[in-house]
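Enquirer: Sequence and computational prediction follow.
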Protein chains: 2
Amino acid sequence: MLAFPVMPTPPDDVTVLITSFLEPEHVRRIAAAGAGVRVLYDPQLVAPPRFASDHSGRPGFRRTPDQEARYLGWLAEADVHFDLDAEFAPAFPTLAPRLRWIQATSSGIGPLVRRTGLDRSGVTITNAAGIHAVPLAEHVLLALLYFVKDVPARLREQRAHVWTRHSGRELHGLTATVVGLGAVGLEVARTLRSAGVHVIGIRRSPLTADEANRVDEAATPAHLREILPRSDALVLIAPHTRETEGMIGATELALLPPGAIVVNIARGALIDEGALIDGLQRGHLGGAALDVAAVEPLPADSPLWDLPNVLITPHSAATVARENERLTDLFVENLRRYRAGEPLRNLLKL
Amino acid sequence: MLAFPVMPTPPDDVTVLITSFLEPEHVRRIAAAGAGVRVLYDPQLVAPPRFASDHSGRPGFRRTPDQEARYLGWLAEADVHFDLDAEFAPAFPTLAPRLRWIQATSSGIGPLVRRTGLDRSGVTITNAAGIHAVPLAEHVLLALLYFVKDVPARLREQRAHVWTRHSGRELHGLTATVVGLGAVGLEVARTLRSAGVHVIGIRRSPLTADEANRVDEAATPAHLREILPRSDALVLIAPHTRETEGMIGATELALLPPGAIVVNIARGALIDEGALIDGLQRGHLGGAALDVAAVEPLPADSPLWDLPNVLITPHSAATVARENERLTDLFVENLRRYRAGEPLRNLLKL
């Protein structure tokens, strides 16, 4: 029994450096996340965004020497970074000695973390997995409907002013195999199942009972080749790792039924792009919606640009105006957990 | 109490004439629908289909005199028609004296029934409402995603080999007003709500409790003008009646918020096409997906063909290869009800 009310220990002060553009209302929310939160942010010190929720910013942006000195001073003071500054990351052990945690603003950051040596730095890293689930699931739905309803043919006829009635296809009743069942893959599965699609989920790690209920079937990557022949659509959303690199090659594409649709919202490295182009050109594949490519920006001389059964979105399917709002939601919750000593959400396994 | 088992009364014989092309497997299902069902069908006597589930057939089709004599003989014998023969319908009182029931193969047949005098003939007519719910709901989903995700801009950039990252929009969180809440409207509502769209249903007649649960809000057409300003999308699927003709004019279109999307899967007569073109040209409307037009086929000189924010489908959004399968399901069930003296499904109110 306590005779006196116990006052909570005052939280230690925490200094947060925001390393890419963020709207003032979101900066204010972070600053108001709790007593002792100090935010270091000046939009002049980060690359100007080219579009809403752009975290890379205009290429070629350079700070003035004065600005650079201020930014380096902030790096030295910050305990936490909102966004991963890829330029300075290799030097964080010397430039950012107080840094304990980085909240990244994208999901597929494993290769970047390894390239910059952050995986060996002892800094905790959380990614933005799930933030993009809704726009990416909508993109997959659009991509499948685009090819199932043969929008390219409709647009050709429209350009020719041709009104010819025809019989089309339905998404309902098709089978889609979703490779990668994280937050995005599960939202893709939910969205497609609402439209009557039979969803087969592929994931290396076992599914929880709740996750298993969210797909019609599940299997490990070892069974992929058995599943491909009955996959009307193949949706890639797995992270880029040594295991997933090149996992979809000529053999896998040939195992898909004629007319199958490929949607890649993961990374270009997961698929053999030459084999994909070949399958599209020969007409074995019905269509491909590509948000990512082996080399980005996709080279101007890539045959993918001009294939009628290809829909290209320039690594933007995940990006919507509301992204920074959702990122800030995640960060504020993770900041609360960080200060309370609770496990962070979206912890990157290093 | 019955001392002996009662044998059901043997069903009366019923003669069914199929007046448009139907695949052999579906004809067999109808013939096997019960003892005493006699099917009159010869694919040579009906116009050849131009695509799967085409019920109009090749224009200009003519029967030989022998074929015509056989067909007229069948008209005289049939109790039930599968499909509405628009050519002979005005003469049914003399040519088809036994005719009691017509199962039409489309939904929007009110004007045709009135034009051919069938509304005064005493013949029972059922339509195909609901048969097209799934493909039409998928079409609406495609249409909204097409404009929300700005596919026209993506395709322009793709043709120019331009890879520029950008920030897009989400369907999730938008508001869609669905005018007409029959079987199709309710399936459109279900599909859109699964994608996080707030759905307002407009219907003249009151909703049942179950129907009311299938929309976020409901109102009568008298409230349409109050609802339009918060409708990011306007989906028309109401029948063409005196009340609905021209219900969407310049005033209604101007009440929509800038960038709103219009989807018409009903009939061209519901909307003032000139006002629609004006709204699209001025950029007040974000886009229009038109499966129907004031005059069909859409005249080759209509400005709609070349507007970049228009997606035209030639009255085909409802037509899928599986349509005849679903029509046959409906007909076989209605044939059972007809013979059992039960109320038919999809009874046209005359």
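Expert: Perfect, I can see it now. Numbering: from 1, shown residues only, chains lettered A, B, ... in the order given.

Enquirer: How about the contacts made by A:G130?
Expert: Contacts of A:G130 were listed using CB atoms under 8 Å, 6 or more residues apart in numbering or on different chains, and they are A:S107, A:G182, A:A183, A:V184, A:L330, A:N346. The way it works is simple: take the backbone N, C-alpha and C, and place the C-beta from them, glycine included.

Enquirer: Give me every residue in the stretch 201-350 of chain A lying close to chain B.
Expert: Within the stretch 201-350 of chain A, the positions near chain B by CB under 8 Å from any CB of the partner chain are A:296-298, A:300, A:305, A:310-317, A:319-323.

Enquirer: Name the residues of stretch A:154-162 that come out as buried.
Expert: By 16 or more other CB atoms under 10 Å in any protein chain shown, the buried positions in stretch A:154-162 come out as A:R154, A:L155, A:E157, A:Q158, A:H161.

Enquirer: Any idea which residue is closest to the centre of chain A?
Expert: A:S107 (4.5 Å; CA atoms, centre = their mean).

Enquirer: what separates that residue from A:L142, distance-wise?
Expert: 20 Å (CB to CB, to the nearest Å).

Enquirer: Centre of the chain to stretch A:50-64, how far?
Expert: How far stretch A:50-64 lies from its chain's middle: 19 Å, per CA atoms, centre = their mean, to the nearest Å.

Enquirer: Extract the C-alpha trace of it and format it as PDB.
Expert: Provided in PDB are the C-alpha atoms of stretch A:50-64 (Å, rounded to 0.1, in the frame of the first residue of the first chain):
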ATOM      1  CA  ARG A  50       8.900  17.800 -55.500                       C
ATOM      2  CA  PHE A  51       5.500  16.500 -54.500                       C
ATOM      3  CA  ALA A  52       3.400  15.800 -51.300                       C
ATOM      4  CA  SER A  53       5.100  13.400 -49.000                       C
ATOM      5  CA  ASP A  54       8.400  13.400 -51.000                       C
ATOM      6  CA  HIS A  55      11.200  12.400 -48.700                       C
ATOM      7  CA  SER A  56      14.100  12.500 -51.200                       C
ATOM      8  CA  GLY A  57      13.600  16.000 -52.300                       C
ATOM      9  CA  ARG A  58      14.900  17.900 -55.300                       C
ATOM     10  CA  PRO A  59      18.100  16.400 -56.600                       C
ATOM     11  CA  GLY A  60      21.200  18.600 -56.500                       C
ATOM     12  CA  PHE A  61      20.000  20.400 -53.300                       C
ATOM     13  CA  ARG A  62      23.100  21.800 -51.400                       C
ATOM     14  CA  ARG A  63      23.200  23.600 -48.100                       C
ATOM     15  CA  THR A  64      25.200  26.800 -47.800                       C
END
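
Enquirer: what is the rounded mean pLDDT of that stretch?
Expert: Per-residue pLDDT over stretch A:50-64 has a mean of 93.

Enquirer: is it anywhere near chain B?
Expert: Yes: counting by CB under 8 Å from any CB, chain B is contacted by stretch A:50-64 at A:R50, A:F51, A:A52, A:S53, A:D54, A:S56.

Enquirer: The second one: what's it in contact with?
Expert: Which is A:F51. A:T319, B:R165, B:H166, B:S167.

Enquirer: Most neighbours out of those, which is it?
Expert: A:T319 (24 neighbours; other CB atoms under 10 Å in any protein chain shown).

Enquirer: quick one: that residue and A:D291, what's the gap?
Expert: 10 Å.

Enquirer: Sounds good, over and out.
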